[in-house]
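Enquirer: build me a model:
(one chain, ligands or ions: 1)
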Amino acid sequence: MILVLDAGAFFAGFEPLALQRRAYTVPEVLEELRSQSLKVKIALEQHLLEVRSPAERYLKHVQRAAAKTGDIAKLSRTDMAVLALALELASEGQEVAIVTDDYAVQNVASALKLRFSPVAEMGIVRSFRWYKRCTGCGRRYSAAHPRDSCEVCGSPLRLRRRKG
Ligand SMILES: [Zn+2]
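Expert: Modelled structure (predicted):
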């Protein structure tokens, strides 16, 4: 699965070296970050993070969906680009999830039948002291994750405390 990151994922404390899969974002997100952190630079250099602009027709598709759900006024140009990129990657046959805490983005993602995940669920930020860890594959989930077994391998999850 490919992750598409919105600006919120970076502001929440993006940990590119903890990424276990390829992530994408749009140029508008990096512009919003003003000065790129060293971590983001490393992620770009190591191709953990790819930057790509969606084609115009996917932006149009997102605009139409957002107009239908009534979220269009709540979405920034950046939000639309993130959704359009996820749609474009999905249309290429990739399995995609948008990483966002923005309710309007999540709502439009649902309307477009795109998967999304709150930032804290992806195990790429340090905002929580406690987390659940899969005893099988080691994947991390937030402490608030509703299930006690791993979505990937089905092994039990154990609550762990973050060091430091
Ligand atoms: Zn697992």
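Enquirer: around the ion, pick out the residues from this protein.
Expert: 134, 136-137, 139, 150, 152-153, 155 (C-beta under 5 Å from the ion). Where you see a C-beta, it was placed from the backbone N, CA and C, and this is true even at glycine.
Enquirer: where strands are concerned, which of these count?
Expert: Counted as lying in strands by DSSP state E, out of the residues of the chain next to the ion, are residue 134.
Enquirer: strand partners (parallel or antiparallel) of whichever strand or helix holds residue 3?
Expert: Element membership of residue 3, judged by DSSP states H and E, is strand 2-5. In the sheet, strand 2-5 lines up against strand 23-25 (parallel), strand 96-99 (parallel) (DSSP bridges).
Enquirer: with pLDDT added, can I get the residues of the chain next to the ion in TSV?
Expert: What follows is those, written out as TSV (pLDDT from 0 to 100):
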residue	pLDDT
134	94
136	95
137	94
139	91
150	92
152	91
153	95
155	95
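Enquirer: what comes up buried for stretch 140-147?
Expert: By neighbour count with 16 or more other C-beta atoms under 10 Å, stretch 140-147 contains the buried residues 140-142, 145.
Enquirer: now that stretch: how far from the chain's centre is it?
Expert: Its chain's average C-alpha position is 16 Å from that of stretch 140-147, according to C-alpha atoms, centre = their mean, to the nearest Å.
Enquirer: start and end of it, how far apart?
Expert: Stretch 140-147 has an end-to-end distance of 12 Å (C-alpha to C-alpha, to the nearest Å).
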